[in-house]
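Novice: Give me a 3D structure for the following:
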Amino acid sequence: MTTSLLDVTPPPVPEQGMDVWFVGSRSALFWLALKSGFWTVLTLGFYRFWMKTRLRRWYWSSIRPGGHPLEYVGDPLEKLLGFFIAVVILTFYIGIVNLLLMFVSFSFFQSSFVGYFASVIGVIPIWFYAQYRARRYVLARTRWRGVRFGLEKGAWGYAWRALLHWLITICTLGILWPRMTFWLEKYKTDRTYFGSAKLVQGGRWQMLIPAAMPFAVALAMLGALGVWLVYLEPLIGYETDSLPMVYDNIKKVLSGRDSWFGWEKPARLLLLIPVAMFLIYGMVHYRFASKRILANHKHAEGVRMTSKLNGLRISMIYVLGTTIAYTILLFGIIAIVGVAIGLLGPEAFLAAQTGTTDPLGDLPRWLSLGIIAVLYLSVFLFWSVLHHAFVTYPMMRHMAVTLSLANTAGLAQVSQRARDEFAEAEGFAEALDLGAAI
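Specialist: Reported below is the predicted structural model:
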């Protein structure tokens, strides 16, 4: 008996794993951020589009799934043009719409509060819209092994969904925060492509509840401490038979009619320090632990992701890195002030405080403004460099090396996708200062 080759079922392709490497060094990143930041200061901020592009290319090339580096092919001119387009649109929107809102507010409510409140609410959908557009641009300009990533159109759909989920989360006092995180991430993931392969976000939103427990416990501790200090055994030693009385007592102290030093056991306020630190840890832990859980449930046809991200370690990286960056920045500012005093003398600063003279008064006005602008931008430049070196770098390295592809059999079937073209790039994110990933 003979068997046709067409009747033979091919054996299943075995699962093959792929680790992710991170090869960049902190010193190289520091000097890159410092040099590009220097040019950003000299050009009064215009070089930041080139700075962001160079930094992304460095980060992307340092992340190497299976030894193959990611590629970032974004164009800084795209960012600059998109920024100008977004500024024009936002200027028209904010100017015209806010003018109409103020007219209605004064006409019907005889107050500007309603107009200002409506203006803020009106910007929120654009903020979510910009978030989605920025992610779409970054993915469209990212490649791996020559294959493009992509994200389908759907920015306004994401914006109204984000508004709705945030409203539900606020109305439930944050209880349904994991639900919002899951469904917004699922909306974005289910529209993400690697070449022809479509990603899918699996799982349920309830799986994120354990990740939110440290934050929930910290909130409960903060609430209990607040009730104890304000109502059960108030710091302000007056009668507190009702909440209005508590409110009136606090107003007396804040207005200066009663002394701050007349509090009962004010040392109890020190308890706010560990509670606040635990609250920060809970927020950072939830943000990244939820990323790990969501990543473990992302998959495409024949491809599956696995993340072993450590929530405690990433929280310590964030807290310690931010502390180091702020500490070095503080010493840098003190050093700058010390150099200025040494050059100009302390008498110049004392005279400036009394209003009798100006340390820069002998300089032309344009030069004085230029010096102030350069010093102002230099402070933020130094902060950005330190944040990259002590926060962004270790966090991205940890997230990269703890991520792997547990199954790569489907990668052989992936084909190229068309280039995604859109005029404003991530201009709205730049105009609204969202940062857009980096």
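Novice: Now do the contacts for Trp50.
Specialist: Counting by CB atoms under 8 Å, 6 or more residues apart in numbering, Trp50 touches 36, 39, 76. C-beta here means a position set from N, CA and C on the backbone, and glycine is covered the same way.
Novice: Quick check: of these, which has the highest neighbour count?
Specialist: Tallying neighbours with other CB atoms under 10 Å puts Ser36 at the head of those, with 21 neighbours.
Novice: For the host helix or strand of Tyr116, list every residue counted as buried.
Specialist: Secondary-structure assignment from DSSP states H and E places Tyr116 in helix 113-140. For helix 113-140, the neighbour count (16 or more other CB atoms under 10 Å) marks 114-115, 118-119, 125-126, 128-140 as buried.
Novice: Run through the neighbouring helices and strands of that helix.
Specialist: Applying 3 or more CB pairs under 8 Å, 6 or more residues apart in numbering; DSSP states H and E, one finds that helix 113-140 contacts helix 98-109, strand 147-151, helix 155-171, helix 427-431.
Novice: who touches the helix or strand hosting Thr40?
Specialist: Using DSSP H and E, Thr40 falls within helix 26-42. Helix 26-42 has contacts (CB under 8 Å, 6+ apart) with 46-48, 50-51, 54-55, 58, 374, 377-378, 381-382, 384-385, 388-389, 393-394.
Novice: Give the ChimeraX command for selecting the buried subset of the residues you listed.
Specialist: A single ChimeraX command is used to select the members of those judged buried by 16+ other CB under 10 Å:
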select :47,48,50,51,54,55,58,377,381,382,384,385,388,389,393,394
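Novice: can you tell me which of the contacts of helix 26-42 are in helices?
Specialist: Judged by DSSP state H, the subset of these located in helices is 48, 50-51, 54-55, 58, 374, 377-378, 381-382, 384-385, 393-394.
Novice: Next, give me the two most distant ones among these.
Specialist: Pairwise distances across the ones in helices among the contacts of helix 26-42 (CB to CB) peak at 30.0 Å, for the pair Val374 and Pro394.
Novice: May I see the buried residues of the lengthiest helix in the chain?
Specialist: Ranked by number of residues, the top helix in the chain under DSSP H is helix 311-344. Applying a neighbour-count criterion of 16+ other CB under 10 Å, one finds 311, 314-315, 317-318, 321-322, 325, 328-329 buried in helix 311-344.
Novice: swap in stretch 79-98?
Specialist: Buried, per 16+ other CB under 10 Å, within stretch 79-98: 79-83, 85-86, 90, 98.
Novice: With stretch 191-208 instead?
Specialist: Neighbour count says stretch 191-208 has 191-195, 197, 199, 201, 205, 207-208 buried, by 16+ other CB under 10 Å.
Novice: Relative to the whole chain's centre, how far out is it?
Specialist: With CA atoms, centre = their mean, to the nearest Å as the basis, stretch 191-208 stands 21 Å off its chain's centre.
Novice: Relative to Tyr281, how far out is Leu271?
Specialist: 16 Å (CB to CB, to the nearest Å).
Novice: Between the two, which has more neighbouring residues?
Specialist: Tyr281 (19 against 14).
Novice: between the ones in helices among the contacts of helix 26-42, which is closest to Val275?
Specialist: Pro394 (26.2 Å).
Novice: give the contact list for that closest one.
Specialist: Taking CB under 8 Å, 6+ apart as the test, what Pro394 contacts is 26, 317, 321.
Novice: For those, give me CSV that also has distance to Val275 and pLDDT.
Specialist: CSV is the format used below for those (distance: CB to CB, whole Å; pLDDT from 0 to 100):
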residue, distance to Val275, pLDDT
Arg26, 33, 90
Ile317, 22, 88
Gly321, 22, 86
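Novice: Make a markdown table out of the residues you listed and add distance to Gly67.
Specialist: Converted to a markdown table, the contacts of Pro394 look like this (distance: CB to CB, whole Å):
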| residue | distance to Gly67 |
| --- | --- |
| Arg26 | 21 |
| Ile317 | 25 |
| Gly321 | 28 |
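Novice: And Trp177, what's its pLDDT?
Specialist: pLDDT recorded at Trp177 is 92.
Novice: Could you report the neighbour count for Gln416?
Specialist: Counted with other CB under 10 Å, Gln416 comes out at 11.
Novice: low-scoring stretches of this structure, by residue?
Specialist: 1-16, 106, 109-115, 231-268, 335-373, 376, 422-438 (pLDDT under 70).
Novice: if you set the cut-off to 50 instead, what comes out?
Specialist: 1-8, 10-11, 13-14, 260-261, 435-438 (pLDDT under 50).
Novice: just how off-centre is stretch 205-220 within its chain?
Specialist: 20 Å.
Novice: in that stretch, what's buried?
Specialist: Buried, per 16+ other CB under 10 Å, within stretch 205-220: 205, 207-208, 211-212, 214-215, 218-219.
Novice: do the same with stretch 153-167
Specialist: 155, 158-159, 161-162, 165.
Novice: Check those residues against Ser404 and report the nearest one.
Specialist: Using CB to CB, the buried residues of stretch 153-167 come closest to Ser404 at Tyr158, 28.5 Å.
Novice: doesn't Leu184 make contact with that closest one?
Specialist: Yes - assessed by CB atoms under 8 Å, Tyr158 is found in contact with Leu184 at 7.3 Å.
Novice: between the buried residues of stretch 205-220, which is closest to Thr306?
Specialist: Of all the buried residues of stretch 205-220, Met207 has the smallest distance to Thr306: 15.1 Å, by CB to CB.
Novice: Secondary structure element holding the closest residue to the closest one other than its chain neighbours?
Specialist: Excluding the flanking residues, the one nearest Met207 by CB to CB, 6 or more residues apart in numbering is Ile293, at 5.7 Å. Secondary-structure element containing Ile293, defined by DSSP H and E: helix 272-295.
Novice: could you dump that helix to CSV, C-alpha only?
Specialist: C-alpha atoms of helix 272-295 as CSV (Å, rounded to 0.1, in the frame of the first residue of the first chain):
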residue,chain,number,x,y,z
LEU,A,272,2.6,60.8,56.7
ILE,A,273,6.2,60.2,55.4
PRO,A,274,6.1,56.3,55.4
VAL,A,275,2.5,56.3,54.2
ALA,A,276,3.4,58.7,51.3
MET,A,277,6.4,56.5,50.4
PHE,A,278,4.2,53.4,50.5
LEU,A,279,1.7,55.2,48.3
ILE,A,280,4.3,56.0,45.7
TYR,A,281,5.6,52.5,45.8
GLY,A,282,2.0,51.2,45.3
MET,A,283,1.5,53.4,42.2
VAL,A,284,4.8,52.4,40.6
HIS,A,285,4.3,48.8,41.5
TYR,A,286,0.8,48.7,39.9
ARG,A,287,2.0,50.5,36.8
PHE,A,288,4.7,48.0,36.0
ALA,A,289,3.3,44.8,37.6
SER,A,290,0.2,45.4,35.4
LYS,A,291,2.5,45.6,32.4
ARG,A,292,4.0,42.3,33.2
ILE,A,293,0.6,40.6,33.6
LEU,A,294,-0.7,42.1,30.4
ALA,A,295,2.5,41.2,28.5
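Novice: Before I go, just wanted to say thanks for your time.
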